[in-house]
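Engineer: based on what follows, work out the 3D shape:
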Amino acid sequence: MAETVQETVARKPAKKSNKTLIIVAVVALQLVAAYFLVGFFLSHAGPDSAAQTASAQTGKSVSNSRGDPNFDHVYVVKDLIVNPAGTNGLRFLLTTIGLEVTSEETVKELEKRDVQIHDAIIGILTSMTLPQLDDTSSRDSLKVEIRNRINKDLNTGSVLNVYFSKFIIQ
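Structural biologist: So this is what the prediction gives:
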């Protein structure tokens with residue numbers, strides 16, 4: 001009887017180490033599969049979408065290579081976080097804004113004036129209250145106000161349209 005208890009105790013650690021080994025192998029296999037799947041999908045996304053994704057992440061311009069005359073040059077102001085008026089810092093707005101401009105020269109000027117552009121947009125957004133920001137009908141007037149404010153500072157070209165690709169109030 002004493003031999004069977006010792007044999008059973010000796011076998012249990014072997015079972016635990018086998019389970020651990022199998023779990024580690026399955027997790028490693030899943031990581032490798034995920035790595036190759038992500039690589040596959042990114043490589044088949046196409047050069048246009050990869051360039052637009054990269055430029056949007058850096059806050060730079062995106063040029064439309066399809067030749068759409070109504071949507072050629074866009075400058076992206078990415079992930080602005082502001083506290084709206086009257087919130088005492090307890091609420092915030094997270095937004096990403098696309099500025100459609102007339103030419104590539106205008107995009108280059110916006111890149112040079114990046115700090116001024118951020119300051120102008122932040123000034124406008126922080127002057128508005130939550131009810132004003134939350135009202136979807138007032139967003140059009142907000143877009144016009146942003147466009148007019150930025151156009152005052154531009155020397156070459158102008159902002160044609162303002163687009164909110166992200167507008168989150170928390």
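
Engineer: partner residues bridging residue 167?
Structural biologist: Note on residue 167: beta-bridge partners by DSSP bridges are residue 95.

Engineer: ok, now how distant is it from residue 144?
Structural biologist: Separation of residue 167 from residue 144 (C-beta to C-beta, to the nearest Å): 16 Å. Glycine gets a C-beta too; all of them are placed from N, C-alpha and C.

Engineer: with neighbour numbers in mind, choose between those two.
Structural biologist: Neighbours per residue (other C-beta atoms under 10 Å) separate residue 167 from residue 144, with residue 167 holding more: 15 against 12.

Engineer: where does pLDDT dip in this protein?
Structural biologist: By pLDDT under 70, the low-scoring segments of the chain are 1-16, 32-34, 36-71.

Engineer: switch to 50 and redo it
Structural biologist: In the predicted model of the chain, residues 45-58, 60-68 satisfy pLDDT under 50.

Engineer: which residues of it fall in strands?
Structural biologist: In the chain, strands defined by DSSP state E lie at 61-63, 73-82, 93-101, 159-169, listed in chain order.

Engineer: can you put these in TSV and add distance to residue 126?
Structural biologist: Listed next are these as TSV, based on distance: least, C-beta to C-beta, whole Å:
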stretch	distance to residue 126
strand 61-63	26
strand 73-82	5
strand 93-101	9
strand 159-169	13
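
Engineer: quick one: contacts for residue 170?
Structural biologist: 91, 92, 93, 94 (C-beta atoms under 8 Å, 6 or more residues apart in numbering).

Engineer: 10 Å instead, please
Structural biologist: For residue 170, the contacting residues are 81, 90, 91, 92, 93, 94, taking C-beta atoms under 10 Å, 6 or more residues apart in numbering as the criterion.

Engineer: nearest spatial neighbour of the first one, skipping sequence neighbours?
Structural biologist: Which is residue 81. Counting by C-beta to C-beta, 6 or more residues apart in numbering, residue 94 is the residue found nearest to residue 81 once chain neighbours are left out, at 5.2 Å.

Engineer: next, count neighbours for the one you found.
Structural biologist: Around residue 94 there are 13 other residues, counting by other C-beta under 10 Å.

Engineer: the chain: helices as residue ranges?
Structural biologist: Remark: helices of the chain, listed N- to C-terminal, are 2-43, 47-58, 104-112, 114-126, 130-134, 139-153; assignment by DSSP state H.

Engineer: outside of stretch 128-136 itself, list whatever touches it.
Structural biologist: 82, 84-87, 91, 93, 95, 125, 138-139, 141-142, 145, 167, 169.

Engineer: surely residue 92 meets residue 168?
Structural biologist: Yes: checked against C-beta atoms under 10 Å, the pair residue 92 and residue 168 is within contact range at 8.7 Å.
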